[in-house]
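**Student:** Any chance you can model this:
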Amino acid sequence: MPNKLSLEFQTGFSNRLIFDRAVFKRIDPSAKLHEHTEHHPLSSSAACLNVIGSISREPAELQKFLASFGLEIEEVYEFQSGFDFGGLTYRDEGFVIFEWIGPKVSPINEDGSNRGQMRTSVDAFLLGRVNGRATQILIEWKFTEGQNNSLALGKFCGGQGVERLSRYAPVLAHLRHQHDLSFDFEEEDRGRNSELAVGLYDFSPDHMYQLLRMTLLAKMTTGMKLGDHTLEDYRIVHLTHSQNAAINILDSDYLKYSPGLQQFSGKPLHEVWRSLLSAKEKEKFVCGHWDNAINILKDGELRAYLTERYA
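**Tutor:** Below you'll find the model as predicted:
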């Protein structure tokens with residue numbers, strides 16, 4: 001079987017990196033997509049657009065695709081172009097928004113108000129009814145990260161790390177005081193082995209850091225109004241490629257700045273992340289390998305393209 005995460009293999013699709021370029025017409029021109037989206041064969045952004053973007057006008061297909069990871073959506077709500085969310089206007093069309101950042105002023109203390117720049121920008125965002133509640137669905141999409149480029153490991157290290165800690169720690173402190181902390185952090189060490197105690201600093205590796213920010217963004221925007229719907233709940237969806245062991249399995253090098261997580265070396269990322277969540281937060285986390293769900297798509301041409309390229 002060819003290594004479909006290799007540059008050599010993916011370069012063979014350079015004449016058609018985007019399956020359906022009409023997807024760009026449905027995205028607000030002000031949203032800044034990743035610079036490699038239209039030009040690099042290994043782009044995760046392009047992979048997300050090729051799958052989710054290609055079915056972004058088909059709610060039944062979106063429901064079926066996400067159901068394969070255990071997320072049952074009773075109804076997907078369509079976005080009306082020009083809607084306002086917390087002072088920020090979104091001019092996107094269809095059932096999916098790419099590079100979602102939430103309201104104009106970040107509820108998690110981040111700078112800037114531009115989609116895709118200086119803010120937690122969610123790869124794909126849906127709004128639907130889950131268990132009878134209006135639920136925001138935040139999707140992080142991974143392809144070759146760690147295979148052909150180095151992963152960022154020390155997000156809470158150095159001078160910038162101090163800034164990041166000062167940004168997110170107050171949000172976590174607020175949630176803790178509300179008895180609504182999403183993470184199963186230990187209280188102060190009281191004679192236990194401190195190396196086994198997990199804290200905010202342990203979320204320094206890139207994927208942990210992203211999942212932290214997405215969770216905080218979803219939690220802090222729950223209760224806000226989006227169109228006719230009040231956001232009542234959320235789901236964090238983390239999808240990786242099944243062949244990417246650099247993401248799927250935590251190794252000791254990945255955890256070198258995370259003493260509380262070194263006990264999990266060699267274990268699956270998704271399994272470990274779920275174990276770090278509080279009891280009521282676990283049900284809000286959805287994960288899986290997106291390439292394994294390609295075969296359920298009904299469009300034969302799309303399915304053939306995606307299968308040949310990714311599956």
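**Student:** hey, let's count contacts and neighbours off CA atoms from now on
**Tutor:** Noted.
**Student:** Please tell me how far S54 sits from D299.
**Tutor:** Using Cα to Cα, to the nearest Å, S54 is found at 10 Å from D299.
**Student:** What of S242?
**Tutor:** Between S242 and D299 the distance is 22 Å, computed by Cα to Cα.
**Student:** and what of Q243?
**Tutor:** Where D299 is concerned, Q243 sits at a distance of 24 Å (Cα to Cα).
**Student:** With neighbour numbers in mind, choose between the two.
**Tutor:** Between Q243 and D299, counted using other Cα atoms under 10 Å, Q243 has the larger neighbour count: 18 against 12.
**Student:** Contacts only, for that one.
**Tutor:** The neighbours of Q243, taking Cα atoms under 8 Å, 6 or more residues apart in numbering as the test, are L5.
**Student:** so which helix or strand takes in it?
**Tutor:** Assigned by DSSP states H and E, Q243 falls within no helix or strand.
**Student:** just G146 next, same as before
**Tutor:** Under the criterion of DSSP H and E, G146 resides outside all helices and strands.
**Student:** Which of the helices or strands spans the nearest residue to it once chain neighbours are set aside?
**Tutor:** Take G146 and drop its neighbours on the chain: the residue closest to it by Cα to Cα, 6 or more residues apart in numbering is A246, 5.4 Å away. Using DSSP H and E, A246 sits within helix 245-248.
**Student:** could you say what helices and strands that helix packs with?
**Tutor:** Applying 3 or more Cα pairs under 8 Å, 6 or more residues apart in numbering; DSSP states H and E, we find helix 245-248 packed against helix 269-276.
**Student:** rerun at 10 Å
**Tutor:** For helix 245-248, the helices and strands in contact under the criterion 3 or more Cα pairs under 10 Å, 6 or more residues apart in numbering; DSSP states H and E are strand 233-240, helix 269-276.
**Student:** shared neighbours of S54 and D299, anything?
**Tutor:** Both S54 and D299 are in contact with E61, where contact means Cα atoms under 10 Å, 6 or more residues apart in numbering.
**Student:** which residues does D233 contact?
**Tutor:** When contacts are counted by Cα under 10 Å, 6+ apart, D233 touches 127-131, 133-137, 218-219, 221-223, 284.
**Student:** hmm, 6 Å instead?
**Tutor:** For D233, the contact set (Cα atoms under 6 Å, 6 or more residues apart in numbering) comprises T135.
**Student:** repeat for the one 5 residues further on
**Tutor:** Contact partners of H238, counting by Cα under 6 Å, 6+ apart, are 139-140, 287.
**Student:** element containing the nearest residue to W273 once chain neighbours are set aside?
**Tutor:** Counting by Cα to Cα, 6+ apart, the nearest residue to W273 once its immediate chain neighbours are dropped is M208, at 7.7 Å. Using DSSP H and E, M208 sits in helix 206-221.
**Student:** What lies in contact with the helix or strand that comes right after that helix?
**Tutor:** Next along the chain after helix 206-221, taking DSSP H and E as the criterion, comes strand 225-226. Applying Cα under 6 Å, 6+ apart, the external contacts of strand 225-226 come out as F85.
**Student:** Partner strands of strand 225-226, with direction?
**Tutor:** strand 229-230 (antiparallel) (DSSP bridges).
**Student:** contact partners of the partner strand?
**Tutor:** 223-224.
**Student:** what about that strand, distance to the chain center?
**Tutor:** Relative to its parent chain, strand 229-230 has a centroid offset of 22 Å by Cα atoms, centre = their mean, to the nearest Å.
**Student:** And for stretch 112-126?
**Tutor:** Chain-centre distance of stretch 112-126: 11 Å, with Cα atoms, centre = their mean.
**Student:** now swap in stretch 278-292 and tell me
**Tutor:** Relative to the mean C-alpha coordinate of its chain, stretch 278-292 is positioned 11 Å out (Cα atoms, centre = their mean).
**Student:** Output that stretch as CSV, nothing but the C-alphas.
**Tutor:** Presented in CSV, the C-alpha positions along stretch 278-292 are these (Å, rounded to 0.1, in the frame of the first residue of the first chain):
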residue,chain,number,x,y,z
SER,A,278,-13.8,15.8,33.5
ALA,A,279,-16.6,13.3,33.7
LYS,A,280,-19.3,15.4,32.0
GLU,A,281,-16.9,16.6,29.4
LYS,A,282,-16.0,13.2,28.1
GLU,A,283,-19.3,12.9,26.2
LYS,A,284,-18.6,16.2,24.4
PHE,A,285,-15.4,14.8,22.8
VAL,A,286,-15.7,13.0,19.4
CYS,A,287,-12.7,11.5,17.6
GLY,A,288,-11.7,9.2,14.8
HIS,A,289,-9.9,8.7,11.5
TRP,A,290,-11.5,10.7,8.7
ASP,A,291,-10.0,8.6,5.9
ASN,A,292,-11.9,5.5,7.2
